[in-house]
Structures are given as structure tokens and as C-alpha cells.
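Student: Show me the folded form of this:
(one chain, ligands or ions: 3)
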Amino acid sequence: MNRREFMAAVAGGAATVGGVVCTSFPAHASDSATGASGNQIGVLVDTTKCIGCRKCEYACARANRPNGTSIESYKDMSVFDSPRRMTHDALTVVNRHANPVNPSEPIYVKSQCMHCLRPNCVSACIVGALHKKSNGTVSYDVSKCIGCRYCMLACPFEVPAYEYNNILAPKVQKCTFCYETYQARGEPPACVQICPPNCLTFATRDDLLEMAHAKIEADPDAYYPHVYGEAEAGGTSWLYLTSRPAEELGFLKVPAHPLPHLTENLQHSIFKYGIPPMLLYGLLAIAMKVSEAEEKTEPSKAPHE
Ligand code: SF4
Ligand code: SF4
Ligand code: SF4
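Tutor: Numbers count the residues shown, from 1 in each chain. Ligands and ions are numbered 1, 2, ... in the order given. Now for the predicted structure:
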């Protein structure tokens, strides 16, 4: 059983304990409830242009860890030999995939938090430490976090990472959309600004979708006719254009509908039917064991595999 299956089982079990199946418990963030994209911001990643330079990884690290980052360490291309997933100090990673059409030109894919329109992590967080802002950013408030790591189990894209090495004040880490740094200054995120071939475009999600479909229509030989993130998990703020089917490029196969009903069932049961704390902590303990065991046994699993 992987952690997403476990989460579904826990949510189902909790609903049974509560005696009902509830599908309408509101999430903490009211503006995350509709799933409408409106004028929310987003980034379109055109993977057909990515050259695998890892500059986005460097810019992201510099934006989040200004004192401990050197460009030299991002010149090591041997990292592409094995698939990588996001970690507490790598909020975005680029992976290399074989190109069956042109083997000499591999395909590179950047991964980070997708900033879902209906974020399952927000729905799962029982204390409201994760929040969907009205511009589309899914933000994290460490002062509210109790370290339960529900968000890690709930995320359908397997994004949030935990600072296991930080014993005193561990945090959950994921892409911030550069909300309090670059966006606060009215600038695009750091990774978008640095990308040499401009394969990252920052705009409203609606404009990006129009742009993505126009590109597919204008050059059907270059693009696979699917915008990853348009529908996945009810839609995401990060969108992808690819030359190959997404599943060949390590993207997770995620249902095209919002998933928070799983975690909302759990929240509803906890609060409405007063699941005994011992049972809740027991479920949490099992959940953490599943999560940790998975991370130990699958160290090289790709972020979107
Ligand atoms: S990708 Fe995961 S962590 Fe990011 S907003 Fe969606 S559910 Fe939350
Ligand atoms: S938006 Fe900011 S935090 Fe997110 S991957 Fe880009 S640089 Fe990193
Ligand atoms: S900076 Fe741009 S081209 Fe370079 S790896 Fe990142 S997304 Fe690809």
C-alpha cells in the first residue's frame, strides 16, 4: 500500500468511525473551495524548450537559502543519472528522460509544488497551516504547523518534504511560488526569471491555458495534445506542455477531479464525531511509518513517477 492508498483508506475508515460518509466539509481556506481558476497566477512549463541547465534549481535555492548556495554545485549533471524527487532543501528538481524520437536530445522536466486549485494538502491540514491564497499560491505557516505530516500523505503529486534533519524546529518544505520574496516585489518567481531559454512563463492561469492550446494547435508535431495540470486533481497553477505523453516523462497519473473529499471526510469525522484522540494518534503514527518506510525504501523515486 503506498501513501496515497493509505490516505484513502484512513479517510474511509475515519468516515466509518463517524458513522457517515460526508462529502461537503469546507476546507480551511474558503477560496480553495471552488476550484475556479479565475485570474489566479500560474506558470506554463514548456518542456520542449528545457535544456536541463539546472539554473532554476540554483535560483530557487538562492531565493530560499540565500547564504548557503553556490552555482558551482548546480553544474553537476551526473545528478541526471538517477531520478530525483523534491527534498527539504531542493524545492524544485529537474529530471532527465529518454527521448525515443531523438535519443541524442533527452527531455528534461522541472518539478515543484503544483499549487493546486483544490489543494489536498490544505484540506488535510487539521490546523490550517497550509492556505490557498486568492492569487493561487498555496502557502505554509510554520507557526501553526504541528508536524503531523498529513499534507505529505495527502498530496497527490507527492511534493511536501519534511526537515527530518532539523530536530529542534522541523518544517514542511515545498515551493512557495516565491510569494513573499519575488511576488511581493511584483516580480515573477526566481526560477522563471533565470531560465535561459525562457521555457517558464508566468501569467494568469487563464492566459497560460490559452497560450498552451495555441502552441499545440500551431505546432502539433512538437507538442503532445494534452496540457498537464489543466484537469489533473481538479486543475493546478503549474501547467506543462510536453512532446510525449506525460506518463512517459515521470508525471504521476492523477485523476481529473479534485481530491479533497478524501481528507475532508477525515476532518469532518474528527471534529463532528469526536474521534478519540488515541485513535487519531494511532492513525497518525501508522501514517508516519508508511511515509517514512516509503522514503527509506524508495530513495531514488522520481517526483512524478
Ligand atoms: S501539489 Fe501537493 S503540496 Fe502542492 S498544492 Fe497540490 S496538494 Fe498541496
Ligand atoms: S516559484 Fe520560487 S520557490 Fe517555487 S520552484 Fe520557482 S523559485 Fe522555487
Ligand atoms: S532553468 Fe529553464 S532550461 Fe534550465 S533546467 Fe530549469 S526549466 Fe530547464
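
Student: residues in contact with residue 79?
Tutor: residue 54 (CB atoms under 8 Å, 6 or more residues apart in numbering). C-beta: built from backbone N, CA, C; applies to glycine.

Student: wait, is it part of a strand?
Tutor: No - according to DSSP: H, G, I helix; E, B strand; the rest coil, residue 79 belongs to no strand; its state is helix.

Student: Before we move on, what's the pLDDT of it?
Tutor: Residue 79 is assigned 97 on the pLDDT scale.

Student: do you know how far it is from residue 206?
Tutor: Going from residue 79 to residue 206 by CB to CB, to the nearest Å gives 35 Å.

Student: and the chain, which residues reach ligand 1?
Tutor: Applying CB under 6 Å from any ligand atom, one finds that the chain approaches ligand 1 through 113-116, 119-121, 138, 155, 157, 159-160, 174.

Student: hmm, 5 Å instead?
Tutor: 113-114, 116, 119-121, 138, 155, 157, 159 (CB under 5 Å from any ligand atom).

Student: for these, which one is nearest ligand 2?
Tutor: Nearest to ligand 2, judged by CB to the nearest ligand atom, of those is residue 113 at 6.8 Å.

Student: which non-adjacent residue is nearest that closest one?
Tutor: Using CB to CB, 6 or more residues apart in numbering and skipping residues adjacent in sequence, the residue nearest residue 113 is residue 175, 3.9 Å away.

Student: Now, the residues of the chain next to ligand 1 that are in strands?
Tutor: Counting by DSSP state E, the residues of the chain next to ligand 1 place residue 138 in strands.

Student: would JSON lines of the residues of the chain next to ligand 1 with pLDDT and distance to ligand 3 be doable?
Tutor: Formatted as JSON lines, these follow (pLDDT from 0 to 100; distance: CB to the nearest ligand atom, whole Å):
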{"residue": "113", "pLDDT": "98", "distance to ligand 3": "15"}
{"residue": "114", "pLDDT": "98", "distance to ligand 3": "15"}
{"residue": "116", "pLDDT": "97", "distance to ligand 3": "20"}
{"residue": "119", "pLDDT": "97", "distance to ligand 3": "23"}
{"residue": "120", "pLDDT": "96", "distance to ligand 3": "25"}
{"residue": "121", "pLDDT": "97", "distance to ligand 3": "24"}
{"residue": "138", "pLDDT": "98", "distance to ligand 3": "20"}
{"residue": "155", "pLDDT": "97", "distance to ligand 3": "22"}
{"residue": "157", "pLDDT": "97", "distance to ligand 3": "17"}
{"residue": "159", "pLDDT": "98", "distance to ligand 3": "17"}
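
Student: picking up where we left off before, what number of residues lie near the residue nearest to residue 113?
Tutor: Residues lying near residue 175 (other CB atoms under 10 Å) number 23.
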